[in-house]
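Student: how would this look folded up:
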Amino acid sequence: MARAEEYLARQVKDRGDARALSDSVGASWTFNDFDKASDEIAALLRENGVQANDRVLLLSENCAAAVASVFGTWKAGAVIIPVNARQTEAEVKRILEHATPAAVLMTSEASPDAVKHGQTMDVREVSGAFGTMHLATPLASNPDQDLSDTAVLLYTTGTTGDPKGVMLTHSNVRFGGMTSANLRKMNPGDVVYGVLPLTHVFGLCSVMTASVYIGAEVRLEARFSAEKLYKALTGGVNFMSAVPQMHALLMQYTKEQGLTQLNSDTLRYVSSGAAPLDPAWKRKAEGFYGVAIQNGYGMTETTAGTSATTNPIGSPDVSVGPPLPGVEVKIDDTVEGGADGMGEVLSRGPHIMKGYYKNPTETAKVLDADGWLRTGDLGKLDENGLLHILGRSKELIIHGGFNVYPPEVEAAINDHPQVIQAAVVGRSKDGDEEVLAFVQIAQGDSLDIEELRGFVKERLTGYKRPKHFIIATSLPAAPTGKILKHKLVETFKDQLP
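Tutor: Model (predicted):
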């Protein structure tokens, strides 16, 4: 069975002295350094009783030691569970109880929050080529099922119910990395900006694994900063994958510096994932970056990628592109909201997860015997075979008997020049659903709600217009920058009638 760590072995053989990783705590590694550090992690785990099929939980923020921990765990024959150290103690506890790892690694040099979590466990400091980390072995080694083909367990975002650990195989991870690198036309020696968390499938597979596969250097950043991103993009970076919120904050930062364009001599590829593109925003962003903005679609259960664009700059296409090579997509138009070719997006191929760890019931709900995954997203395929995502089926708002798709409403609000980003959700009220809009503006800025209401009125028909607007300088967000919609109503409950 081909394994994901073989990508590193190939780089060590072909170009071991080439630059592989750098981070915000001072690491600067060649592929040989990277290989040595991951070897020492593997030896450390074995010395502490980690066996094949065991789980190793990694509490981290982006740094070279985190990458070494991922590859070292694979070299030890175990399964890595990357968890963002910025999660709460309660969230981490739920994952620990469900996954029963044999060891916990903490990237304490790069993450103060990892240190805090270590204070709740019996940890000890360990040092080596990987730097200084903390290690806990709170549970006995317990390889309770055959996970020999499983590379990673990624726990999906959620605050209620049983946690769901997505099992991605080594084949999944390899496919995701290889496909991402080929799609972007990456070359050995390219420089990739790595701010998307490695604890998220996008950062782990589409950024990190892709870079190791092709032999690119990754500049790792533990936490997003518009200022640091600006300096990186004007300092030699060739590739940036980000979510819309990061783009919005970067453009706001440059605006505050009196600049209207990025002016990078090296940037070749920029992508925006996790949300549909608005045509006006896309034109604005391409003018800012000077390169085409590519879009894509995927989720943890599809190893990040299902489809992606490869458009030239100025293309009017705002789809998420055709299915990736080897990937199948079809639309189930029997689901609620199905009309005009719209329905739930289903996908099948080498990118589909093995299932949910220790949860066959939930696995059976989304994965059928023929390998088709029900994504829970609403979309359609156009006459050119391009996929368009309309939103999460569970986020569909039915107002006055009409379907309201939040991305469409958000795009209309985002057109306002003072809006950084917007999030739209529904709220049950008097037997109907109200449309609520939460709008982020810059610190120190102001935006009149009635002005915004009039602005939206010109762009949306009546039933799509938000009933209430909440203006704020920040919205609750995950470490990736993705807005946590399920927290919006609770966060701003005092401002809602």
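Student: please work out the average pLDDT along stretch 481-497.
Tutor: When pLDDT is averaged over stretch 481-497, the result is 88.
Student: kindly report the same for stretch 355-363.
Tutor: Confidence over stretch 355-363 (mean pLDDT, whole number) is 92.
Student: ok, and what's touching that stretch?
Tutor: Identification of contacts with stretch 355-363 by Cβ atoms under 8 Å, 6 or more residues apart in numbering yields H98, A99, Q145, L153, D162, K164, G165, V166, M167, L367. C-beta here means a position set from N, CA and C on the backbone, and glycine is covered the same way.
Student: now with 10 Å?
Tutor: Outside of stretch 355-363, the residues within contact range by Cβ atoms under 10 Å, 6 or more residues apart in numbering are 55, 79, 81, 98-100, 144-145, 147, 150, 153-156, 161-167, 301, 353-354, 364-367.
Student: between the two ends of that stretch, what distance do you get?
Tutor: Terminal residues of stretch 355-363 are spaced 5 Å apart (Cα to Cα, to the nearest Å).
Student: quick one: buried residues of it?
Tutor: G355, Y356, Y357, K358, N359, T363 (16 or more other Cβ atoms under 10 Å).
Student: got TSV for those, with secondary structure and distance to C63 too?
Tutor: Formatted as TSV, the entries for the buried residues of stretch 355-363 read as follows, by DSSP: H, G, I helix; E, B strand; the rest coil; distance: Cβ to Cβ, whole Å:
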residue	secondary structure	distance to C63
G355	strand	30
Y356	strand	29
Y357	coil	26
K358	coil	30
N359	coil	31
T363	helix	33
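Student: quick one: which of the residues you listed is nearest to L277?
Tutor: L277 lies nearest to Y356 out of the buried residues of stretch 355-363, by Cβ to Cβ, at 30.4 Å.
Student: and the closest one, how far from V126?
Tutor: Taking Cβ to Cβ, to the nearest Å as the criterion, Y356 is separated from V126 by 32 Å.
Student: now E217
Tutor: Here E217 is placed at a distance of 26 Å from V126 (Cβ to Cβ).
Student: these two - which one has more neighbours?
Tutor: For E217 and V126, the more surrounded residue by other Cβ atoms under 10 Å is E217, and the numbers stand at 23 against 18.
Student: for the chain, name the helix or strand with the lowest mean pLDDT.
Tutor: Of all the helices and strands that make up the chain, the one with the lowest confidence by mean pLDDT, DSSP states H and E is strand 402-404; it has a mean of 73.
Student: mind listing what's buried along the helix or strand following it?
Tutor: For strand 402-404, the succeeding helix or strand toward the C-terminus, using DSSP states H and E, is helix 406-414. Within helix 406-414, the residues that count as buried by 16+ other Cβ under 10 Å are P406, P407, E408, V409, E410, A411, A412, I413, N414.
Student: before we move on, what about stretch 432-448?
Tutor: Within stretch 432-448, the residues scored as buried using 16+ other Cβ under 10 Å are E433, E434, V435, L436, A437, F438, V439, Q440, I441, A442, L447.
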